[in-house]
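Enquirer: Would you be able to build a 3D model of this:
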Amino acid sequence: MDSASRNPLQKSVYESQVIHLHMYIELLFHYQGHLSDLEDRIVALANEME
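Expert: The predicted structure follows:
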């Protein structure tokens, strides 16, 4: 157990996972912005049709 806690690769794996998670969250926020724009366009088109 002691040697596992001193493993330098474990830290880099953890940091890599954090970086990937951060990138994934940023991607989701970007996608959410596109969906919001699309919703606004749909509402505007629906209002034009009324």
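
Enquirer: tell me what the top helix by length along the chain is packed against?
Expert: Longest helix in the chain, counting residues (DSSP state H): helix 8-49. If contacts are counted by 3 or more C-beta pairs under 8 Å, 6 or more residues apart in numbering; DSSP states H and E, helix 8-49 sits against no helix or strand. In short, each C-beta sits where N, CA and C put it, glycine included.

Enquirer: Kindly provide the whole-number mean pLDDT of that helix.
Expert: On average, the pLDDT along helix 8-49 is 92.

Enquirer: starting at the chain centroid, how far to it?
Expert: 4 Å (C-alpha atoms, centre = their mean, to the nearest Å).

Enquirer: Can you tell me the centre-most residue of this structure?
Expert: In the chain, the residue lying closest to the centroid (C-alpha atoms, centre = their mean) is Ile25, at 1.9 Å.

Enquirer: Could you measure from it over to Ser12?
Expert: 20 Å (C-beta to C-beta, to the nearest Å).

Enquirer: what do you get for Leu27?
Expert: Where Ser12 is concerned, Leu27 sits at a distance of 22 Å (C-beta to C-beta).

Enquirer: Just give me the neighbour total for Met23.
Expert: 10 (other C-beta atoms under 10 Å).

Enquirer: Roughly how far does it sit from Leu35?
Expert: Counting by C-beta to C-beta - Met23 and Leu35 are separated by 19 Å.

Enquirer: Alright, I will stop here.
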